[in-house]
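Novice: Attaching a predicted model along with its sequence, questions to come.
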Amino acid sequence: MPQRVTDGGRAPAEGSASSAGGQRDRYPIPAIRGKASSRFRRVLLVTFLIWVVAWPFFTLAFVNRYDSPGTAWIQALYQRKDLALRRADSFHTGRLLVVGGSGTLLGVDAELIQRKLGVPTVNLGTHAGLNAYILYRARSILRRRDSVLLCPEYEAWNEPANDISDVEWSYVTTYDKPFLWSLGVRHALEVLYSEPEENYVNAISGWESRLSGGYNTFRAGYNVAVMGPNGDLRLDVPHQAVRGFGRYPFPDLERNPLGARPIHDFANWAHEQGVRVFFSWPNCCIPDPTPSHADSAPPPAVSSFLKELGIIVLNTPSETAFPRQMFTDSVYHADGGCRRIRTEDLVRKLRPYYGMAQPIDETRGILLVSGGVNRPRPGNLFADRPNVRAKYLSRERLNHPDTLTPADLPAIAARGISIWFDDPTIEPLLSKDEWDVQDVDWDRASLAHWFKKYDRHLIVLGYAGAQMTPIDGDCPPVVRRALDGSGLAVAIVGTGPWRHVQRLVTGPNSVLIRTDLNALVGGGVPNLSITVGGSAGNGKPWSRIRLDNRLYVEGGVGEISVAVIDPDNGVMVDSATFEGGQEKTLLSLRRLVLRHGDVTNSAAGALARPARAD
């Protein structure tokens, strides 16, 4: 057998004999000469240069946070806001886009603005941590004849113009990579070359999540399932003892002029594109202690900056600051009642710019609101009665002119001013000996009515099992089978284009359906997890409906829990419990009628109270 022979690591010359028998070496090893070594160095250098040049592009393609619930939550918000923008396009007029962070998302009611002004309005608020990306996204959407209302949080002015926050980086590298190049090639390359090693490790987990098809947008308390048709997030977040500002954190343009660069560039771009720019100071907690009038005014440099850019400033910082009791879990996160009052003020400020007369400064009616969700609907709009003012009712007196206590109401009613409410948390604050309550507008419905009303939806039902009144009307047969009273039942039934969706589980002790929208309708819609279950444990049957892991409807014995989902938008549009086929009043606008005409309350001048000292 021929052998490969070397001598000291060198191949013998061609024609020499091997030590095994003088046979010619069939497998000669060429000598490594200087020319080959030079070629190797050149190849190594070219390979290194290619790798250096390719590295940022590899980083851009590979790094992601598909495993991050917070990042996926932002994407879920934008998916639904994009759908709201498409609906706004159907008006064929200039739109009003409200731009900001989570303070805008929770503190401005775009649906209310649209209904009051007749202008298609979309709330683009998401997360203040997105920094400059918020304005970049707005640029990609705005067009000539549109208007934009900027409501940046105070901290947005203090971010260095070239810094990318962790939130911003996680989102753009996962869902909008082209944004990085908008920063300029040099800046983008600097960012991509300086990526920390741990982000590459995290990206592996992200790709595993992406390839597995996992759905992960759970964020405790902040559920995209309750987004309104105009991009407003209507949450019922528990109030917490938030710590407010020690003073208004106004931007310091002298020390940090670059912090205002994104707003400066955006305003100049908008002017060139024929886009009108409004500005509102953010809704936030009143600083504690309450600042003086001088301390409530923005620095002259900021006012001059906004004026020179041609930005229309609608209010002052003190007009958008409210007591901390009207906020939930952040100094910027207004509750439903605060959002209503804040937006009503914006509507009044915007009216002249949309050709509407400013109402006289006189209150002729009051809509009481509190910390609930507060949805605009025909009964509580008062769009044709601009002198009906929203007032926040609370047990304790708050430091704001648009707040009242129950003790203030008799004097107001005695002056002939009508008082309405539709928030169910209002009535427990009122004395039954002092007030009569009249229903003046209401929404009555039955299960059969909902199947007729919601004709292109998914209707989720849970039934705790008991005898009940018959279901009349046009309910699908699968629903009648589910509600025959023989035991527990859960179902998901589609209407209109989704009528092929029919899932039913029945049983004597426990039932459950756990799925998501894409699994039900075949994909192509903003996803949403759905869990509906029931149990007869401990002899107390119940049914519950959860969306994105948040409980929204719960029914007891004999009750039907119902949630209506719009698959096109990936949101819940209605929910209730019904008792069989009976019609039920779901929501009513109610009017307070004072029983006693003799009013000696010290709050006789409640509506004339001067504004807080600021």
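Specialist: Done, it's in. It should be emphasised that the depicted structure is a prediction, and the values quoted were computed from it without experimental measurement.
Novice: how many neighbours does the spatially closest residue to His333 that is not a sequence neighbour have?
Specialist: Excluding the flanking residues, the one nearest His333 by C-beta to C-beta, 6 or more residues apart in numbering is Leu106, at 4.9 Å. Every residue, glycine included, has its C-beta placed from N, CA and C. Neighbourhood size, Leu106 [other C-beta atoms under 10 Å]: 28.
Novice: which element is Leu106 on?
Specialist: Per DSSP states H and E, Leu106 falls inside helix 102-107.
Novice: gap between that helix and the chain center?
Specialist: Computed by C-alpha atoms, centre = their mean, to the nearest Å, the separation of helix 102-107 from the middle of its chain amounts to 8 Å.
Novice: ok, now stretch 190-205?
Specialist: Offset of stretch 190-205 from its chain centre (C-alpha atoms, centre = their mean): 28 Å.
Novice: what residues does that stretch touch?
Specialist: Residues outside stretch 190-205 that contact it (C-beta atoms under 8 Å, 6 or more residues apart in numbering) are 55-56, 59-60, 62-65, 67, 164, 180, 183.
Novice: from those residues, which two are the most distant?
Specialist: Greatest spacing in the contacts of stretch 190-205, by C-beta to C-beta: Asp67 and Leu183 (25.0 Å).
Novice: one step back: the helix holding Leu106 packs against which elements?
Specialist: Using 3 or more C-beta pairs under 8 Å, 6 or more residues apart in numbering; DSSP states H and E as the contact test, the elements touching helix 102-107 are strand 147-151, helix 336-350.
Novice: how about a cut-off of 7 Å?
Specialist: helix 336-350 (3 or more C-beta pairs under 7 Å, 6 or more residues apart in numbering; DSSP states H and E).
Novice: Packing partners of the helix it packs on?
Specialist: Looks like helix 336-350 contacts helix 102-107, helix 110-117, strand 388-393 (3+ C-beta pairs under 7 Å, 6+ apart).
Novice: Repeat the analysis, applying 8 Å as the threshold.
Specialist: Counting contacts by 3+ C-beta pairs under 8 Å, 6+ apart, helix 336-350 is packed against helix 102-107, helix 110-117, strand 321-322, strand 365-369, strand 388-393.
Novice: Distance from the chain centre to whichever helix or strand comes after the fourth one, please.
Specialist: Secondary structure here is assigned by DSSP H and E; on that basis, the next helix or strand after strand 365-369 toward the C-terminus is helix 378-381. Remark: helix 378-381 is offset 24 Å from the chain centroid, using C-alpha atoms, centre = their mean.
Novice: ok, the spatially closest residue to Pro526 that is not a sequence neighbour - contacts?
Specialist: Take Pro526 and drop its neighbours on the chain: the residue closest to it by C-beta to C-beta, 6+ apart is Gly570, 3.1 Å away. For Gly570, the contact set (C-beta under 8 Å, 6+ apart) comprises 76, 79-80, 224-225, 517, 525-528.
Novice: Kindly report the same for Val99.
Specialist: Taking C-beta under 8 Å, 6+ apart, one finds 124-125, 134-135, 138, 148-152 in contact with Val99.
Novice: Quick one: classify it as helix, strand or coil.
Specialist: Assigned state for Val99: strand (three-state reduction, DSSP: H, G, I helix; E, B strand; the rest coil).
Novice: what bridges to it?
Specialist: Note on Val99: beta-bridge partners by DSSP bridges are Leu150.
Novice: Quick check, Leu367 in contact with Asn387.
Specialist: No - with contact defined as C-beta atoms under 8 Å, Leu367 does not reach Asn387; the gap is 11.4 Å.
Novice: So for the two, which residue has more residues nearby?
Specialist: Between Leu367 and Asn387, counting by other C-beta under 10 Å, Leu367 is the more crowded of the two (23 against 13).
Novice: and the more buried one, what is it in contact with?
Specialist: Leu367 is in contact with 380, 382, 388-391, 420-421, counting by C-beta under 8 Å, 6+ apart.
Novice: Show me where the stretch 251-400 of the chain dips below the pLDDT cut-off.
Specialist: Counting by pLDDT under 70, the stretch 251-400 of the chain contains no low-confidence range.
Novice: pretty sure Asp177 contacts Leu60?
Specialist: If you look again at residue 177, you'll see it is Lys, not Asp. Yes - with contacts counted by C-beta under 8 Å, Lys177 reaches Leu60, the gap being 5.7 Å.
Novice: So for the two, which sits in the more crowded spot?
Specialist: The residue with more neighbours, out of Lys177 and Leu60, is Leu60; 19 against 13, by other C-beta under 10 Å.
Novice: returning to that earlier point: put together TSV for the helices and strands packed on helix 336-350, with distance to Pro257 on each row.
Specialist: Putting those into TSV (distance: least, C-beta to C-beta, whole Å) gives the following:
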stretch	distance to Pro257
helix 102-107	24
helix 110-117	32
strand 321-322	26
strand 365-369	41
strand 388-393	38
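Novice: Relative to Lys584, which of the ones you listed is closest?
Specialist: When those are compared by C-beta to C-beta, strand 365-369 sits nearest Lys584, at 23.4 Å.
Novice: Name the strands paired with that closest one and say parallel or antiparallel.
Specialist: Strand pairing for strand 365-369, determined by DSSP bridges: strand 388-393 (parallel), strand 418-421 (parallel).
Novice: The nearest residue to Leu189 once chain neighbours are set aside: what's it in contact with?
Specialist: For Leu189, ignoring the flanking residues on the chain, the nearest one in space by C-beta to C-beta, 6+ apart is Pro56 at 5.4 Å. Taking C-beta under 8 Å, 6+ apart, we find Pro56 in contact with 188-189, 192-193.
Novice: Tell me which helix or strand comes right after the one helix or strand Pro56 maps to.
Specialist: Applying DSSP H and E as the criterion places Pro56 in helix 34-62. Next in sequence after helix 34-62, counting helices and strands by DSSP H and E, comes helix 69-89.
Novice: Let me know the angle separating that following helix from helix 110-117.
Specialist: Going by axes from the mean of the first three to the mean of the last three C-alpha atoms, to 10 degrees, helix 69-89 is angled at 20 degrees with respect to helix 110-117.
Novice: List the buried residues of the helix holding Pro56.
Specialist: 56, 59-60 (16 or more other C-beta atoms under 10 Å).
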